[in-house]
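Asker: Turn this into a model:
(chains A and B)
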Amino acid sequence: MNHTRRNFLKFAGLTAAGLCVASAGGALAVSGAGSKIKDGDKALNAKRWGMVIDTKKVGTKESIDVLAKACHAAHNVPDIPGKQNVKWIWADSFEHAFDQPNNYMDEGLEKREFALLCNHCTNAPCVRVCPTQATYKRADGIVAMDYHRCIGCRYCMAGCPFGARSFNFMEPRLHLDLAKLNKEFPTRMRGVVEKCNFCVDRLAHGKQPACAEASNGAVVFGDLADPASEVRKLLREHYTIRRKPALGTEPGVYYII
Amino acid sequence: MKLYNGGKIITGLVIFLGIFLAPLAYNAGKAAYTQPKLKMPENEKECIESKEFMRTKHMQLLDQWRDWALRGEGQRFYVNSKGKQFEMSLQKTCMKCHTNKAEFCDKCHNDASVTPYCWDCHIQPEGLKK
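Answerer: Residues are numbered from 1 along each chain as shown, chains lettered A, B, ... in the order given. The predicted model follows:
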């Protein structure tokens, strides 16, 4: 065989490429041979999850507290007195919720409280600013968080125009009733940000979100992309608004006024 | 042949060898390391994958499970090489059989001197105490 520099380089290149492929294959093959992943048998799927909240039915502090209790119990959210509280769903007034001050508003609306939570925006600013991609957008529209990756930089809190994110200034377990924890869901640790996850863990088992379940039909959850879904039916039949639409984040939570 | 500064060099060598071999002398005569006895689940004989696989690769498996469950399509169920289905969840799957963290996880982790941070957030099956 004719030993030329050209042949030598070809051979060396092929060897290097082969080694790379072999080692990459080895690194990927972690799980047991022949294993695969799939959806749960009862899992609910959608193109774009969304929520419609009927504020005529759930419009007082007490009624929203019922939703918050159900949500916070399901996700081990602590109740911390003062400014460092952690909240996934909470109540606030029309002016604070919708940025539309009106000096002569009708009394019913002025006194009504609104259930506020993460809007799972289509163009979520928190997803864009997260430097570790701990917050990310799922294909079904849910803005989800991977607490393993969160470094607590709080850019997402600055980015979110809805105040939907809470920072764990202290160990949340200090303020949880440890006897009543939901053992199917983790807690968080000090130094991470958290927020509503649209009950993605419950959807995987075919269950509705905790707040919708506790609301007696005042909170309806469903697929916004499906014209036959119940949320779309409500949106057709009622006048609804979203929070701060001018910002262009495209919230997925609608309020019947 | 003459060894310059021989006294100092030999003293130094003796001290060095003494320190270097001290751990061997300290452990001489003690029983060899044995793997800790773990409390295995009573009702379940087979884990998600084979025993050897779980022993050496459970950390990679959990790492993959987390990414599969949270990212991608959000598919949360794992079908193992024998076709059995499990939810990819530390608390809902692993700890349902391994109901005692202190008698299972901690034993090897302490021996190997590793401190995984799973339990900073995940709730151990024994529950939490103040």
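Asker: ok, how many other residues are close to residue A:141?
Answerer: Residue A:141 has 21 neighbours, counted by other CB atoms under 10 Å in any protein chain shown. Just so you know, the C-beta spots here come from the backbone N, C-alpha and C atoms, and that holds for glycine as well.
Asker: To clarify, my last question referred to residue A:185.
Answerer: Applying other CB under 10 Å, we find 20 residues neighbouring residue A:185.
Asker: Likewise for residue A:215?
Answerer: 23.
Asker: swap in the one 4 residues further on?
Answerer: The burial count assigned to residue A:219 is 25, neighbours taken as other CB under 10 Å.
Asker: just residue B:21 next, same as before
Answerer: Neighbours of residue B:21 (other CB under 10 Å): 11.
Asker: Look up how far residue B:30 lies from it.
Answerer: In this view, residue B:21 and residue B:30 are 15 Å apart by CB to CB, to the nearest Å.
Asker: got it, and residue A:44?
Answerer: Applying CB to CB, the value for residue A:44 to residue B:30 is 58 Å.
Asker: Now do the SS call for the spatially most central residue of chain B.
Answerer: Nearest to the mean C-alpha position of chain B, by CA atoms, centre = their mean, lies residue B:109 at 4.0 Å. Following DSSP: H, G, I helix; E, B strand; the rest coil, residue B:109 is assigned to helix.
Asker: ok, how many other residues are close to the residue nearest to it when sequence neighbours are not counted?
Answerer: Using CB to CB, 6 or more residues apart in numbering or on different chains and skipping residues adjacent in sequence, the residue nearest residue B:109 is residue B:116, 6.5 Å away. If you count neighbours by other CB under 10 Å, residue B:116 ends up with 10.
Asker: how close does residue B:116 get to residue A:8?
Answerer: Distance, residue B:116 to residue A:8, by CB to CB: 48 Å.
Asker: Ok, residue A:145 next?
Answerer: Noted for residue A:145: a distance of 52 Å to residue A:8, by CB to CB.
Asker: give the contact list for the most centrally placed residue in chain A.
Answerer: With distances taken as CA atoms, centre = their mean, residue A:197 lies nearest the centre of chain A, 3.1 Å away. Contacts for residue A:197 (CB atoms under 8 Å, 6 or more residues apart in numbering or on different chains) come out as A:75, A:118, A:142, A:144, A:145.
Asker: my read is it is in a strand, agree?
Answerer: No. Counting by three-state DSSP, one finds residue A:197 to be coil, located in no strand.
Asker: about what we covered before: the residue nearest to the centre of chain B is in contact with residue B:118, isn't it?
Answerer: No. Taking CB atoms under 8 Å as the definition, residue B:109 is not a contact partner of residue B:118, at 9.7 Å.
Asker: Could I get the CA-only coordinates of the longest helix belonging to chain B as PDB?
Answerer: Ordering each helix of chain B by length in residues (DSSP state H) puts helix B:6-27 first. Extracted C-alpha coordinates of helix B:6-27, given in PDB (Å, rounded to 0.1, in the frame of the first residue of the first chain):
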ATOM      1  CA  GLY B   6      23.000  11.100  55.200                       C
ATOM      2  CA  GLY B   7      21.600  11.400  58.700                       C
ATOM      3  CA  LYS B   8      19.100  14.100  57.800                       C
ATOM      4  CA  ILE B   9      18.100  12.300  54.600                       C
ATOM      5  CA  ILE B  10      17.500   9.000  56.300                       C
ATOM      6  CA  THR B  11      15.600  10.500  59.200                       C
ATOM      7  CA  GLY B  12      13.500  12.400  56.700                       C
ATOM      8  CA  LEU B  13      12.800   9.200  54.700                       C
ATOM      9  CA  VAL B  14      11.800   7.300  57.900                       C
ATOM     10  CA  ILE B  15       9.400  10.100  58.900                       C
ATOM     11  CA  PHE B  16       7.900  10.300  55.400                       C
ATOM     12  CA  LEU B  17       7.500   6.500  55.200                       C
ATOM     13  CA  GLY B  18       6.000   6.500  58.700                       C
ATOM     14  CA  ILE B  19       3.300   9.100  57.800                       C
ATOM     15  CA  PHE B  20       2.700   7.600  54.400                       C
ATOM     16  CA  LEU B  21       2.100   4.100  55.800                       C
ATOM     17  CA  ALA B  22       0.200   5.200  58.900                       C
ATOM     18  CA  PRO B  23      -3.200   4.600  57.300                       C
ATOM     19  CA  LEU B  24      -2.200   1.000  56.500                       C
ATOM     20  CA  ALA B  25      -0.900   0.400  60.000                       C
ATOM     21  CA  TYR B  26      -4.000   2.000  61.500                       C
ATOM     22  CA  ASN B  27      -6.300  -0.300  59.500                       C
END
